[in-house]
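[1] Just a sequence and a predicted model for now, questions to come.
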Amino acid sequence: MPADNSNIKGSCIKSVCEFVKADAGEQKWQQIIEKLPALDRAAFFGVILPSKWYPIESYFNLLREIEKQIGGAARPDLGIEIGKKIIADGLNSFYRMMMGILNTSWILTKAPSLWKMYFDKETLTILHVSDGRLEVKIDTPLDPPKMYCCAVMGGILQALESSGGRQCRGQEVKCRANHEACCEYHLTWQMK
Ligand SMILES: [Zn+2]
């Protein structure tokens, strides 16, 4: 699939950078950056600006290199962990005051604006929402690495958990990485 000049917000890259440094060390982050194509390396070298937009293809390349250097079979939940870190950071700075009121109207009004904090063209569509159940899809014509999809899943799970959901579970039932037209996620939780 062709690139479509989609971008991702620097705050997301910054969280990924902090995750890798805390998980594997400063030196490992440098080793990951050094393996990236020159343009991506230049973008991620030095200070990452939270408010700046970065090319989503650069983010994909970063996740592929992270998967290669610290992921693999030994870390099947690495993408989920990364997504949780991204949203935990984002919610800390922005949405904390809205926590604890998880319900269908919260999701319908807050999820799209939360998503727009991170992506300029990637679109998240809510297919179904009811108490304890959410179905969403992302259908921009990009070809993401699986780690990206896992990070999205981790981010959604973190948002649900931070909002008061218990026993949050998620499954990606369709995936662009499997040559399907969209990535579709089904999530369930309980309120107790
Ligand atoms: Zn996917």
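    Done, it's in. Being a predicted model, the structure only gives us computed values, none of them experimental.

[2] alpha carbons only for contacts and neighbour counts from here, please
    Noted.

[3] how far away is I13 from the ion?
    Distance, I13 to the ion, by Cα to the ion, to the nearest Å: 19 Å.

[4] what about that residue, which helix or strand?
    Here I13, judged by DSSP states H and E, is contained in helix 10-24.

[5] Please enumerate residues in contact with that helix?
    26-29, 48-54, 59, 70, 82, 85-86, 89-90, 118 (Cα atoms under 8 Å, 6 or more residues apart in numbering).

[6] so which of those residues are also by the ion?
    The overlap between the contacts of helix 10-24 and the neighbours of the ion (Cα under 5 Å from the ion) is empty.

[7] can you tell me which of the residues you listed are in strands?
    W53, Y54 (DSSP state E).

[8] Low-confidence stretches in the protein?
    Applying pLDDT under 70 to the chain flags residues 1-4, 92-105, 108, 192.

[9] Torsion angles phi and psi at the residue of it found nearest the ion?
    Closest contact between the chain and the ion, by Cα to the ion, is at C175 (3.6 Å). Main-chain dihedrals, C175, degrees, to the nearest 10: phi -150, psi 130.

[10] With adjacent residues omitted, what lies nearest to it?
    C183 (4.1 Å; Cα to Cα, 6 or more residues apart in numbering).

[11] Next, count neighbours for that neighbour.
    22 (other Cα atoms under 10 Å).

[12] That one contacts K174, doesn't it?
    Yes - using Cα atoms under 8 Å, C183 is in contact with K174, at 5.0 Å.

[13] What is the burial count for the residue of the chain closest to the ion?
    C175 has 20 nearby residues by other Cα under 10 Å.

[14] Up against the ion, what does this protein have?
    C149, C175, R176, C183.

[15] just so I have it, where are all the strands in this protein?
    Under DSSP E, the chain gives strands at 7-9, 53-55, 124-130, 133-138, 166-174, 183-190.

[16] got a markdown table for the ones you listed, with distance to G154 too?
    Output for the strands of the chain, formatted as a markdown table (distance: least, Cα to Cα, whole Å):
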| stretch | distance to G154 |
| --- | --- |
| strand 7-9 | 17 |
| strand 53-55 | 21 |
| strand 124-130 | 15 |
| strand 133-138 | 14 |
| strand 166-174 | 9 |
| strand 183-190 | 11 |
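
[17] Nearest to R41 among the ones you listed would be which one?
    Nearest to R41 among these is strand 53-55; the distance by Cα to Cα comes to 11.8 Å.

[18] which helices and strands sit right next to that closest one?
    Packing contacts for strand 53-55, counted by 3 or more Cα pairs under 8 Å, 6 or more residues apart in numbering; DSSP states H and E, involve strand 7-9.

[19] And the strand it packs on, what does it pack against?
    On a contact count with 3+ Cα pairs under 8 Å, 6+ apart, strand 7-9 meets strand 53-55, helix 56-70.

[20] No further questions, thank you.
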